[in-house]
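>>> Output the structure for:
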Amino acid sequence: MWNQEMPEGWYLPDQRRLVRVPRPPVCMASNQTQPPITFSTNGWPGVRVRDILDGTLRVDTPYDMPFLRFGWRSTRISLEWPGHAYRSKGDLQCARIETHAGPEQQPITRRELAKIICGMLRNFAESKQNQPVVPEYERWSLQHGRVRLCEVFLLSIHYYTDHWVPEFYVFKSVVA
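Numbering: from 1, shown residues only. I've put the predicted structure just below:
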């Protein structure tokens with residue numbers, strides 16, 4: 001069922017444990033208005049952000065066009081990373097993306113969507129290097145190597161009324 005909560009954590013094939021990055025209470029499965037778009041590799045859920053950015057990982061069903069069913073020309077993505085307040089003007093945590101690309105304006109693929117989301121997270125993390133983190137969320141900080149992109153996995157992206165919110169996971173050992 002697509003409106004069930006994503007797991008709080010899971011194990012990779014090598015038995016390392018991943019835990020879910022907290023999201024605002026409004027980002028609950030019961031508030032989703034569309035089925036999620038998921039990302040996996042070799043049948044395992046989640047894709048490592050660093051590997052997507054480096055182009056060293058192949059996403060399962062990479063040429064699937066997840067936005068095709070909507071007919072939208074653009075949509076909004078909000079990262080909702082914990083500990084960083086959202087600012088409306090120029091905040092890299094939120095972006096409007098084109099759902100069609102190239103000279104023929106084809107719908108973007110699952111692989112392209114993963115690259116867009118991971119690129120957003122990289123740019124957001126770089127922009128927060130000298131910004132304070134809300135108290136009690138320090139362990140989720142993207143500053144100064146606390147949580148590094150090589151330790152973050154993208155599992156899915158969920159739609160809530162007017163924007164998509166990615167579901168990220170990190171190694172439990174990093175935030176324990």
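
>>> got any ranges where the chain has weak pLDDT?
Scanning the chain for pLDDT under 70 picks out 1-4, 86-90.

>>> Tell me where it has helices.
49-54, 110-127, 172-175 (DSSP state H).

>>> Can I get the last one as CSV, trimmed to CA atoms?
This means helix 172-175. Taking Å, rounded to 0.1, in the frame of the first residue of the first chain, the C-alpha atoms of helix 172-175 are listed here in CSV:
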residue,chain,number,x,y,z
LYS,A,172,23.2,4.6,12.2
SER,A,173,26.8,4.8,13.4
VAL,A,174,27.0,8.4,12.1
VAL,A,175,24.0,9.8,14.1
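
>>> got the contact list for that helix?
Contact with helix 172-175 is made by 9, 16-19, 139-140, 146-148, 151, as judged by C-beta atoms under 8 Å, 6 or more residues apart in numbering. C-betas here are computed from N, CA, C, even on glycine.

>>> buried residues in that helix?
Applying a neighbour-count criterion of 16 or more other C-beta atoms under 10 Å, one finds 174-175 buried in helix 172-175.

>>> Stretch 27-41 now?
When neighbours are counted by 16+ other C-beta under 10 Å, the buried residues of stretch 27-41 are found to be 32, 36-39, 41.
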